[in-house]
Structure formats: C-alpha cells, structure tokens
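Predicted model and sequence follow; I will ask about them next.
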Amino acid sequence: MTLYSLASKNIKKNIRQYLIYLNSMIISISIYFTFVSLEYNNQLLGSTVTLGKMESAFHVASIVLMIFSAIFIWYSNSFFTRKRKREIGLYSLFGMSKRNVGQLLFFENLIIGALALILGISMGLLFSKMIMMIIFKLMNFSLEVTFTISQSALIQTIVIFLIIILITSIHSYRVIYRFSLAELFKAERIGERRSTPSIVTSFLAIACIVSGYILVMNPGELNVIAQTGIRIITAVFLLIIGTYIFMHSLLAYLLFLLKKMNSVYYKGRNLLSVSQLMYRIKGNVLVLTVISLLSSITIVACVLTYSFYYHIDSISQKDNPYSYIFNLMDTKVNNQLQSIIEEDSSTKITYSEKIEYLPIQTDVSALERVPDFYQTILISEDSYHNLMKKRKVKEEVHLEMNEAIAFYDGTLNQNNDPYSGKSLSLPNNHTIKIIDYKGYSLLNQGDNLFPLVVSNSLYNELKMGMTSEKLYIYKIENEKEVKALNTKLDRLTDPYKYVEDTPRPIYSSFYEKYHYGLETYGLLIFICGFLGLVFLIATGSIIYFKQLMEATTDKGRYKILEKIGIPDKEVKGSIAKQVGFTFFLPLILAISHSIVFLAFFSDYLPIKMQVPYITCLGVYLCIYLVYYWLTSASYFKIIKG
C-alpha cells in the first residue's frame, strides 16, 4: 500500500475528525471565489459609472481577503495538526520513519485541500448569482442578473489556494521533525500555567485604555490634519497595548479578587468556572487581543460605510441642492437644455432661476482646500437673496465693499471653517476678505466651482470691466427618477470640454450625482459587509477551534466531576460560563472601542450613526451568538465522549 492510498483510506475512515479543518477551508475558498468573481464580472463592471473606483476597491479588498484566508487556513491547519499529535506519535511508535509519517501528513493535507478547492468553488458558483443580486440591489441597478462563470476568477482562485495548500502541507510534513515522540504523546496533557495577577500591570492596562479614549474623544484642532493623525495613531497604539495587558494581567487580577470573595466564589458552579478560567487566560491572551481589535475594526468600518449609504438622500441634497445647474457657454445649447427640461412630461418643476455671475481668474493658494483648477465665481448679494427665497432658506447677508462669504464645499469635516479670515486678490486691484462660512452648498458640488457672494457695490464695479455669465438653475420634484430626461441632457452636454484660459462650461445633475453616490456607497457597504462577515466567521471559528482544543484537554477533569455526582446541568452551566467568557469578553471591549471611535467620527462627519450602529451590531451579535451556541454544544459533546 502506497503512502498516497494510505492517506486516502485514513481520511475516509476518519472523515468526521477532518470536517472542522475541511469546512474552514471550504468557507475560505468559496468566499474568495465569490468575491473575485464579482471583480471580473462584466455585467457589473459595465453597468456602473464608478468603474475605476470599483475595480480598485475590489482589487484591494481581494488582496485583504487573500491574506486573511491564508492566515485563517494556516491557523486551522495548526489546530488540526495539534489535535492529531497523539495519532502522529502512534505512527512513529508502530515503526514508521519520520520521513514516511511526514509524507503521509503531506498527502493527507493535499487531498483535503484538493477536495476543499472543488467544494469551495462549487459553493461559490452556487451563491454567486445571489450575491450579484444583493449588490445590484444595493447599487440600485434594475438589471436582470445573468449567471456567468469567470475563467479569470477560477484560475486566480485555484492558483492562490493551491499555493496556500502546498505551504500548509509542507508545514504538516515538518511537524514530525519538530517534536519528539514523548512530546507528541503528551501534547494533549500539557497543563497550562496560571496567570500571575499584578496590580501594577492591571493599572497600566486601565491607564492605556483610558488615555487612548481621551485622545480619541478630545476634539483638538480637527482642521490640522497632522495633529489629528498623530493623536489618533497614538490613541490606537495605546489601545492595542492596553487591550493586550488587559487580557494578560487585568483579567487575572479580577479573577484573583473574585476568588477572594467567598460569597461569590463558592456559590453554585462559580468555583469550577473561575478555577478553569484562571488556568486558561494565559494561553488565550493573544487570541483574545486579536479578536477584540479585529472586531473593533470590523464594527467601525461597517457602521461608517452603512451610515453613508443610510444617509445618501440627505448627503446628496446637501451637496447638490438643485436638480440641474448649467451654462455651456453656448446660447443655442443652453436654450435647448431649457426646452428639454421644461417640456418633459415626466417632470414637475418646483422652481427655476437664472442668476448672473462673474467668472474670475485669481490666486487661491491662500485657500488650502481650493485647488488651482477650480473656477472662482462671484455672485452679488441680490442674486444670492433671490436664490435663497426660491430655496425657502431664511438667510440675509449685508456685506461691506470688500467682504465676501464662502460656502460648504463638500468636505466631510462639518466642524471646520477653512475660509473665514482669508483674503483673495481680484482684478482691478481689489482685495476681498472672507468674513463668514455657511454650512450649506450655494451651488452643486463636484463641478470644480468655488462660489463667493460679494457686495452689490463691488460686484457692479467689477462687472464694468468684465463679461458676466448666466447660470441656469432648475429644481424638479422627482429628481431621483428622471433617467430618461438625464440621458437626453447628457447627449447634449457630453461634447463640451473645458478649454484653458476661457470661461469653462458648467453642468451638474442631481440625478447623476445621486446615483453615483448610491453606486459608490452601495459598493463600499457591500465590500465592508462582505469582509466584515469574513472576519466574523474567522474570529468565531478561531474561538471555536480554541475551545475544542481545551475541551479535549478538559475531558478527563469533567469525567471526574461526573463520577463524584455533579449533574450534567451543572457541567453545562460551567461550560457556558467558560465559553461565554472567551466569546464575549473581547466583544465587550470591541463594542467599547467602537463606540469611542464612532463618537469621534460623528463629530467629524455630517451624518448620524445611531441607527446604522444598532443595525450592524445587531447582525454581528446574532452571528456571534450562533457561534457561541455551537461552541458550547460541541464542548459538552466532546467531554461527554
């Protein structure tokens, strides 16, 4: 019998023992293949205006997913190999050479990997159409999803996971050379040392976490990016250190204090649970720290992206207060655009306005947030007041000769006033000073415009030596549903390009910006949700593997409890507490970290996050509870034999 046939026979006879490792590989492969299939899906890429952004976002996410899948499979392989050390020792005891045992493990891992690759890709194909339907729904595409098999995605998945499988197979081969025969037999009986409680390091953990929270919550100078960046990086570093020390020392100290409380320690099954935990903490420090930090990142990323998607209507309205604004620098085309909008039977015009403005060339280097290629336009007080009346905004300004007002420019930082106090040089030796910054858009964002309102007297004086232009503004009721109208207008406006040293054409459509945002945030929420689900499955599986390893070690101890008459109900309660401690402690810290960072972002960003946070956390908890229930049930099943 060859080693390959022996490996195949061994897998068939012990398939139940291989299922945990096999399932983890199948999940990783199917998720990766599904995601990469979207990256190469021509129907998806051909249906979006965010093509470049989509391709780069998918590419980055697929790299992250590949790295995480490799780490997850490596961890699963290490768990599976450790669980089989006694079996490996028996092979050596029966006379097999180390080389042959290593080759046997190598072939077994290759067979499992090949099987996982076939099943994972098959599962990915099965769910790919459903995933496409979800992302089309998020991006508001009204297309019928077609089932396609991407050859590029198939080849990429096979190549990457064959490399991962080969590396883990080599790792399995080398395990026989890293341990002696005695170590292999004692692998499951090696006791874990109890953590030594320390009040000094416990206080250090609290100090690091609290200091990190203070740095995050202190608003500081949000307009100074460097200061904010350094502050947040320092806070993240302190939280990583604090979380690790919390898991390593503070927990041991808290359990030590709990043990001193006789009324609690000797009550019911607490003695058993606390004693078990005191010996388990030290071996779980790194795992609990990584899970806590990874869960924090996952929750924050998912809530942020979902918040933007959830508030896409209000964000679009704030950035683009008008359905259409245009001036193509061509009277004939402008008249055609007006006729198309006004004669369209599917629209109802709420209001329209024609405002006069002066396009000027000026040095904007003093305004850090205004690029050189932006067109500065001046609007008079009277035009501004007329426009605000149409928008039903109660706003009046009274400016002196050389004063001006700037407006919200689309930045995400809602607390920052970047323009007040700054000065600009204008033609005819005039200089204006920006005295106020309004937190709403005067014109639509994204058309490279920098509008300023100036006094009537200054405007009229500048107008004498310049050529004024007209800006056509329309607000319609069903502006989110005018695809046909928008297509007609695009046919006219597409040929017009900016010509240097001439007043540039202006055209902005709410429908276009709204659906662009819907596609962008729909894509981001899908990617973050997808990666978040992967991270959650991986972290849940890691805890699951770790607890099953501990269950195998604790089997003898629980048998003793059974013999002295401890009922199964008490044993289940002790297991629930021990497993729950491992599951929910990092989650509690993750929730605490995420609340602090989201509070920082809520001050910084113009969106509310309460509903998205509750929604994301609810989904996260539901999946987490399923893992907790499965782990507790499996733990009890193992110790009962």
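Arrived safely. Numbering: from 1, shown residues only.

now for the top helix by length along the chain, which elements pack on it?
For the chain, the helix with the greatest residue count under DSSP state H is helix 510-563. Helix 510-563 is packed against helix 15-39, helix 51-83, helix 98-138, helix 270-310, helix 312-319, helix 483-493, helix 568-604, helix 610-639, with contacts defined by 3 or more C-beta pairs under 8 Å, 6 or more residues apart in numbering; DSSP states H and E. Using the backbone N, CA and C atoms, a C-beta is placed for each residue, glycine as well.

Export these to CSV and append columns for mean neighbour count.
Listed next are the helices and strands packed on helix 510-563 as CSV, based on neighbours: other C-beta atoms under 10 Å:
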stretch, mean neighbour count
helix 15-39, 21
helix 51-83, 17
helix 98-138, 19
helix 270-310, 21
helix 312-319, 17
helix 483-493, 15
helix 568-604, 19
helix 610-639, 17
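
quick one: which of the ones you listed is nearest Tyr440?
Judged by C-beta to C-beta, the one of the helices and strands packed on helix 510-563 that comes nearest to Tyr440 is helix 312-319, at 6.7 Å.

now the angle from that closest one to helix 510-563?
140 degrees (axes from the mean of the first three to the mean of the last three C-alpha atoms, to 10 degrees).

Tell me which other helices or strands helix 312-319 touches.
The contact analysis (3+ C-beta pairs under 8 Å, 6+ apart) places helix 312-319 against helix 510-563.

tilt between the helix it packs on and helix 483-493?
Going by the same axes, to 10 degrees, helix 510-563 makes 130 degrees with helix 483-493.

when you give positions from now on, start the count at 720
Renumbered: residue one is now 720, and that last one reads helix 1229-1282.

circling back to that earlier point, reformat the helices and strands packed on helix 1229-1282 as CSV; add mean pLDDT and distance to Ser1139.
Putting these into CSV (pLDDT from 0 to 100; distance: least, C-beta to C-beta, whole Å) gives the following:
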stretch, mean pLDDT, distance to Ser1139
helix 734-758, 76, 45
helix 770-802, 72, 33
helix 817-857, 77, 39
helix 989-1029, 75, 27
helix 1031-1038, 84, 20
helix 1202-1212, 83, 35
helix 1287-1323, 81, 19
helix 1329-1358, 84, 31
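
mind putting those in JSON lines, distance to Ser1064 included?
Supplementary listing: these in JSON lines, determined by distance: least, C-beta to C-beta, whole Å:
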{"stretch": "helix 734-758", "distance to Ser1064": "38"}
{"stretch": "helix 770-802", "distance to Ser1064": "32"}
{"stretch": "helix 817-857", "distance to Ser1064": "29"}
{"stretch": "helix 989-1029", "distance to Ser1064": "32"}
{"stretch": "helix 1031-1038", "distance to Ser1064": "25"}
{"stretch": "helix 1202-1212", "distance to Ser1064": "10"}
{"stretch": "helix 1287-1323", "distance to Ser1064": "43"}
{"stretch": "helix 1329-1358", "distance to Ser1064": "37"}
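
Leu836 reaches Ile877, doesn't it?
Yes. With contact defined as C-beta atoms under 8 Å, Leu836 reaches Ile877; the gap is 6.6 Å.

So which residues make contact with stretch 1039-1046?
1053, 1056, 1060, 1110, 1159-1160, 1162-1166, 1188-1195, 1198, 1201, 1208, 1212, 1224-1230, 1232-1233 (C-beta atoms under 8 Å, 6 or more residues apart in numbering).

what about it, average pLDDT?
Mean pLDDT, stretch 1039-1046: 89.

Equivalent analysis for stretch 919-933, please.
In this model, stretch 919-933 has an average pLDDT of 84.

what residues does that stretch touch?
For stretch 919-933, the surrounding residues in contact (C-beta under 8 Å, 6+ apart) are 953-958, 960-962, 964-965, 967-969, 972-973, 1315.

at 6 Å what do you get?
954, 957-958, 960-961, 964-965, 968-969, 972, 1315 (C-beta atoms under 6 Å, 6 or more residues apart in numbering).

can you tell me which residues contact the nearest residue to Ala1125 once chain neighbours are set aside?
Leaving out its chain neighbours, the residue that sits closest to Ala1125 by C-beta to C-beta, 6 or more residues apart in numbering is Tyr1138, at 3.9 Å. By C-beta under 6 Å, 6+ apart, Tyr1138 lies in contact with 1125, 1153, 1156.

Can you flag which of the contacts of stretch 919-933 belong to helices?
954, 957-958, 960-961, 964, 972, 1315.

Relative to Met852, which of these is nearest.
Closest to Met852, out of all of the ones in helices among the contacts of stretch 919-933 and judged by C-beta to C-beta, is Val1315, at 36.5 Å.

mind listing what the closest one touches?
Contacts for Val1315 were tallied using C-beta under 6 Å, 6+ apart; they are 932, 935.

Among the contacts of stretch 1039-1046, which lie within strands?
1188-1195, 1225-1228 (DSSP state E).

secondary structure class for Ile1074?
Secondary structure for Ile1074, judged by DSSP: H, G, I helix; E, B strand; the rest coil, is strand.

which of the contacts of stretch 1039-1046 are buried?
By neighbour count, with 16 or more other C-beta atoms under 10 Å, these hold 1053, 1056, 1060, 1110, 1160, 1162-1164, 1166, 1190-1195, 1198, 1201, 1208, 1212, 1224-1230, 1232-1233 as buried.

Need the residue in this structure that's farthest from the chain's center.
Largest separation from the mean C-alpha position in the chain: Met1183, at 53.8 Å (C-alpha atoms, centre = their mean).

which residues touch it?
Here Met1183 is in contact with no residue (C-beta under 6 Å, 6+ apart).

repeat that for 10 Å
Asn1147 (C-beta atoms under 10 Å, 6 or more residues apart in numbering).

How about Glu1180?
Neighbours of Glu1180 in contact, by C-beta under 10 Å, 6+ apart: 1120, 1145, 1147, 1149, 1173-1174.

Kindly report the same for Ser747.
For Ser747, counting by C-beta under 10 Å, 6+ apart, the contacting residues are 784-785, 787-792, 795, 835, 839, 880, 883, 1253, 1256-1257, 1260.

how close does the residue nearest to it when sequence neighbours are not counted sit to Ile882?
Of all residues not flanking Ser747 in the chain, Ser788 sits nearest, at 4.2 Å (C-beta to C-beta, 6+ apart). Computed as C-beta to C-beta, to the nearest Å, the Ser788 to Ile882 distance reads 11 Å.

same check, this time on Asn1121
67 Å.

The two: who's more crowded?
Remark: of Asn1121 and Ile882, Asn1121 carries more neighbours, 16 against 11, as counted by other C-beta atoms under 10 Å.

And for the residue nearest to the more buried one when sequence neighbours are not counted, the neighbour number?
Leaving aside its sequence neighbours, Asn1121 sits nearest to Ile1151 (C-beta to C-beta, 6+ apart; 5.1 Å). Counted with other C-beta under 10 Å, the neighbours of Ile1151 add up to 22.

what residues are up against Ile1151?
So Ile1151 contacts 1081, 1097, 1118-1123, 1141-1145, 1171, 1173-1174, 1177 (C-beta under 10 Å, 6+ apart).

Equivalent analysis for Ile792, please.
740, 743-744, 746-748, 832, 835, 880, 883-884, 886-887, 1257.

So, low pLDDT: which residues of the stretch 1070-1219 of the chain?
Along the stretch 1070-1219 of the chain, segments meeting pLDDT under 70 span 1131-1134, 1214-1219.

which stretches of it form strands?
1094-1099, 1122-1126, 1142-1145, 1149-1157, 1168-1173, 1188-1195 (DSSP state E, counting those that start in this stretch).

In the sheet, which strands lie alongside the third one, parallel or antiparallel?
As defined by DSSP bridges, the strand partners of strand 1142-1145 come to strand 1149-1157 (antiparallel).

centre of the chain versus the partner strand, how much separation?
39 Å (C-alpha atoms, centre = their mean, to the nearest Å).
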